[in-house]
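Participant: sequence first, then the predicted structure, then my questions.
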Amino acid sequence: MKTRIGLTLAAVVFVADAALALERPAPPQVQFGDLYADVELQRIFPDSKEFADATAKSPPDDILALYRAERPLTPEALKRFVVAHFTLPAEPAASVVASEPAPIRQHIDELWPILTRDTPTVPPYSSLLPLPRAYVVPGGRFRELYYWDSYFTMLGLAESGRSDLLEDMVQNFAFLIDAYGHIPNGTRSYYLTRSQPPFFFAMVGLLDPGDSAAADARYLPELKREYAFWMEGADGLTAGAAHRRVVKLDDGSILNRYWDDSDAPRDESYLEDVALARSSLRPAQTIYREIRAAAESGWDFSSRWFADGRTLESIDTTEIVPVDLNALMFGLENAIRAGCERAGDRDCAADYARRAEARRAAIDRTLWDQSRGVYLDYRWTLKKRVDRLSAATLYPLFTHVAGDAQAASVAVAAERDLLEPGGIVATPVDTGQQWDSPNGWAPLQWIAVAGLKSFGRDRLAETIACRFMISVERVYRETGKLVEKYDVIATNRPGGGGEYPTQDGFGWTNGVMLKLMALYPADAGLPSVDRCPAPSG
């Protein structure tokens, strides 16, 4: 039988209580046991995610019994077994590079239908989770809906006049919260143990930019439910301890960290995780948990999460209270406050106003480094800040945690230490990981631009936007593609590093590019970065 879910928001709201008890499908590595491990560890497919996304043609127990009976001994025989018993995911369509590519705005508008999916039903035994409405995928190997990617994609949908698709995507995320108690990393069974940076409140705000409180009130139950997911375990936590995604500091304040409820290798990167654990002297389950927590951050991987600042083997994500996550949680608290005010619930509004102000005070005490004038991550296990700057320092401007003086100081540091010829770099450190130098990512450019603009730092915001647009345009003219990440130092090539080749499509680049072009039309299409405005002066 196929899975069918409601197709209207009314239906989603109506079934919310029942959906909270929705059975969570087991991930492929649990369903297929030693077969899954053997396929991944023998690298039957070049990308670990391919088998994770395959669909069994018959019940998993039957396939597993056949496998154990037949025991194909060679990689070739194992692949034949898989092909016989699974439907593999379709290869993404290859981009055609025209001699004269279409204008980039036209190209992006033409990409939306290509990247749009509609899956109210899914095949039996698929790892894909069904959704009631249409949605946009990032592209390439990313065949499903992703959480934080989608906010930046939706910026572009708004600029393209696709309010219908924007509303559909918000309703999908509301459904996921009602169905599973949180928004998973992506709509696959193997992503259900973690979430991603909580941008749902920002997505809701896009529905009515002139009156975001009205949209907040509309989605208040889901906003509160997401907040409860991130704060689960906060009550009763003793000072200096942590539970799941909350940390209680010695002064009694509560902040958040990234976490994953599983300590197994990731299905979509199984071989890579096992190999890392084998090369480490630490317990394998510890490595898996830390890797998964970094995947929840979206920054997988970055020197931000490395104890030694250099090597993946030293990853310790769960020991870090991150700037970006706590700035977003402040934004979520304020969105709930605004929604409660609009709904006429004064007690709720006062409660969340208190929570937001307590978080602001804790961020100021813990994450603000007065001597450097920047926000830094905090290693709560060692009770000290991580003295390494990243583009996450700009998030408190985006959600208005920062005060005017703090924003001015962050702007100076960002111009000095993060601004490169092609935009903002994720970190100034080159480790070979994709969330480090020389890579710049569309979401970080938008966080920087929006945050700086909101504090009157218009010149620097425009410089960042202009430089990034030129990087995107150059790669597009050369390759015919918009890609996942960019080398913002070279400015004329896609970014690199990480576990998989740079993907094209690409949802969040498309969205941010359209938004920046709308904000700075005079800078769109400039031939070189020396034509961009100077960042200051």
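Facilitator: Okay, I see it. Numbers count the residues shown, from 1 in each chain.
Participant: so residue 418 touches residue 424, yeah?
Facilitator: Yes - using CB atoms under 8 Å, residue 418 is in contact with residue 424, at 5.0 Å. Bear in mind the C-beta positions are built from the backbone N, C-alpha and C, glycine included.
Participant: and for those two, which residues touch both?
Facilitator: The contact sets of residue 418 and residue 424 overlap at residue 391 (CB atoms under 8 Å, 6 or more residues apart in numbering).
Participant: now the strands for the stretch 351-500 of the chain?
Facilitator: Applying DSSP state E, counting those that start in this stretch to the stretch 351-500 of the chain gives strands spanning 368-369, 374-375, 378-379, 384-385, 419-420, 423-424, 439-440, 486-487.
Participant: could you do the stretch 151-300 of the chain as well?
Facilitator: Here the stretch 151-300 of the chain has its strands, by DSSP E, counting those that start in this stretch, at 241-243, 246-248, 254-256.
Participant: as a markdown table, the ones you listed with mean pLDDT, mean neighbour count and distance to residue 351 would be great.
Facilitator: Converted to a markdown table, these look like this (pLDDT from 0 to 100; neighbours: other CB atoms under 10 Å; distance: least, CB to CB, whole Å):
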| stretch | mean pLDDT | mean neighbour count | distance to residue 351 |
| --- | --- | --- | --- |
| strand 241-243 | 98 | 16 | 21 |
| strand 246-248 | 98 | 22 | 17 |
| strand 254-256 | 98 | 22 | 14 |
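Participant: for residue 277, find the nearest of these.
Facilitator: strand 241-243 (22.3 Å; CB to CB).
Participant: packing partners of the closest one?
Facilitator: Identification of packing neighbours for strand 241-243 by 3 or more CB pairs under 8 Å, 6 or more residues apart in numbering; DSSP states H and E yields strand 246-248.
Participant: give me the low-pLDDT residue ranges for this structure?
Facilitator: 1-22, 93-99, 537 (pLDDT under 70).
Participant: span of stretch 314-330 from start to end?
Facilitator: Distance across stretch 314-330, first residue to last, is 29 Å (CA to CA, to the nearest Å).
Participant: just stretch 452-462 next, same as before
Facilitator: 9 Å.
Participant: which other residues reach that stretch?
Facilitator: For stretch 452-462, contacts defined as CB under 8 Å, 6+ apart pick out 394, 397-398, 400, 402, 404, 407-408, 411, 414-415, 419, 448-450, 464, 520, 523, 532-536.
Participant: please apply the same query to stretch 319-330.
Facilitator: Stretch 319-330 is contacted from outside by 197-199, 227, 230, 247, 255-258, 297, 304-305, 307, 356, 359-360, 362-363, 366-367, 375-382, 386, 390, 392-393, 395-396, 398-401, using CB under 8 Å, 6+ apart.
Participant: give me the buried entries from those residues.
Facilitator: The neighbour count (16 or more other CB atoms under 10 Å) marks 197-199, 227, 230, 247, 255-258, 297, 304-305, 307, 356, 359-360, 362-363, 366-367, 375-380, 386, 390, 392-393, 395-396, 398-401 as buried among the contacts of stretch 319-330.
Participant: tell me what the helix or strand harbouring residue 148 is packed against?
Facilitator: Here residue 148, judged by DSSP states H and E, is contained in helix 147-159. The helices and strands touching helix 147-159, judged by 3+ CB pairs under 8 Å, 6+ apart, are strand 135-136, helix 163-180, helix 200-206, helix 442-454, helix 507-519.
Participant: kindly format the C-alpha coordinates of that helix as PDB.
Facilitator: Output of helix 147-159 as PDB, limited to C-alpha atoms (Å, rounded to 0.1, in the frame of the first residue of the first chain):
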ATOM      1  CA  TYR A 147      15.100  22.100   6.200                       C
ATOM      2  CA  TRP A 148      17.400  25.200   6.400                       C
ATOM      3  CA  ASP A 149      18.100  25.200   2.700                       C
ATOM      4  CA  SER A 150      14.500  25.900   2.100                       C
ATOM      5  CA  TYR A 151      14.300  29.300   3.800                       C
ATOM      6  CA  PHE A 152      16.900  30.700   1.300                       C
ATOM      7  CA  THR A 153      15.300  29.000  -1.600                       C
ATOM      8  CA  MET A 154      12.000  30.600  -0.600                       C
ATOM      9  CA  LEU A 155      13.600  34.100  -0.700                       C
ATOM     10  CA  GLY A 156      13.900  33.500  -4.500                       C
ATOM     11  CA  LEU A 157      10.400  32.000  -4.800                       C
ATOM     12  CA  ALA A 158       9.000  35.200  -3.400                       C
ATOM     13  CA  GLU A 159      11.000  37.300  -5.900                       C
END
